[in-house]
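> kindly generate the corresponding structure for this input.
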Amino acid sequence: MASLVSLHNVIKRYVRGKQTIEVLHQLDLEVPAAQFLALMGPSGSGKTTLLNLIGGLDRPTSGEIIVAGEHIQNLSSGQLAKWRARHVGFVFQFYNLMPMLSAERNIELPLLLTSLSSAQRKRNVAAALELVGLTSHAKHKPAELSGGQQQRVAIARALIADPTLLVCDEPTGDLDRASAGEILGLLQLLNRDQQKTIVMVTHDQKAADYASRILHVDKGQLIEAAVKSAA
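Take a look at the predicted model:
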C-alpha cells in the first residue's frame, strides 16, 4: 500500500539560549494510507514534535516530509495553513471547544471557511454527529456534556472537512478508562470502516493497543514495537 506520510532524514533542533538541542535525529518513517499508527515514548522523547511535523504545525530543521503527495517543508506559512485545513484533522487531549456554542455549532466551525451553503453544512454536521453517536446531543453546550462526549464532538469537528489524515495528541489523556475505551473504539472504527489514516501519540500502552502499528520514539529515533493485523 502506498505511503500517505513519508519522512526522510528528518532532523529537528531547538535553540534555547546558547544551547542547541537535537530532538529528532535523521529520522525516517513511512505510514501507509489507512494505517492506525500509535507513537509512544517518555516525556521529552520527541513524539509530540514528530506528530507536529507530520501535521504541519512545525517545520523540520532539515529533511523531507511528504504528506498526501505534498512536500510540506517547502510550503509558505499561508500555503501550509491552507494545506492543513484541507488534509489534517486534529484531536487534542483537551477538547478546545467553544463553551458558548452547541455541539453542532462547534462541529460546524471549520466549514465556515468553505464555500458550502448553510444547508449543506447542516447536512454534513448531522452526518458527523451520527458518526460519533451524538445526534441526540446536537443542541448541548460543552458544559452539558461528559468528557467523553466532548471528545466525540472534537473528533466530529476534526472529521467534518473529510481530512486525509487524523492526528491525535493524547486524545484520551483527560478521560476515565471507560470513556477512553469508547473514544479509542471510535478511532478504531473510523480507521477500519472509513479507512481514515490515524497517527496518535499516547503514553498509555492500553491506548496504543487499539492501533494496528506501534512505534516507540526513543532519544529521537524510532523503534518498531509491534506490527499487528487490523482488528
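> quick check, central residue of this protein?
Against the mean C-alpha coordinate of the chain, by Cα atoms, centre = their mean, the closest residue is residue 167 at 1.2 Å.
> okay, and it sits in which element?
For residue 167, the element it lies in under DSSP states H and E is strand 165-169.
> then that strand to PDB, C-alphas only?
Listed next in PDB are the C-alpha coordinates belonging to strand 165-169 (Å, rounded to 0.1, in the frame of the first residue of the first chain):
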ATOM      1  CA  LEU A 165      -5.100  12.400   7.900                       C
ATOM      2  CA  LEU A 166      -6.300  12.400  11.500                       C
ATOM      3  CA  VAL A 167      -3.600  13.500  14.000                       C
ATOM      4  CA  CYS A 168      -4.300  12.800  17.700                       C
ATOM      5  CA  ASP A 169      -2.200  14.000  20.600                       C
END
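> and that strand, which strands flank it?
Here strand 165-169 is paired, per DSSP bridges, with strand 88-92 (parallel), strand 197-201 (parallel).
> how far off centre is it?
Centroid separation for strand 165-169 versus its chain: 1 Å, with Cα atoms, centre = their mean, to the nearest Å.
> what's downstream of that strand, the next helix or strand?
helix 177-193.
> about what we covered before: what angle separates the strand holding residue 167 from helix 177-193?
Put simply, strand 165-169 runs at 160 degrees to helix 177-193, going by axes from the mean of the first three to the mean of the last three Cα atoms, to 10 degrees.
> quick check: closest non-adjacent residue to residue 205.
residue 40 (7.3 Å; Cβ to Cβ, 6 or more residues apart in numbering). For every residue, glycine as well, the C-beta is placed using N, CA and C.
> contacts made by stretch 115-135 with the rest, please.
103-104, 107-108, 111-112, 137-138, 149, 152-153, 155-157, 159-160, 186, 190 (Cβ atoms under 8 Å, 6 or more residues apart in numbering).
> how about the helix or strand residue 83 falls within, which residues are buried there?
Under the criterion of DSSP H and E, residue 83 resides in helix 77-87. Under the neighbour-count criterion of 16 or more other Cβ atoms under 10 Å, helix 77-87 has 80, 83, 84, 87 buried.
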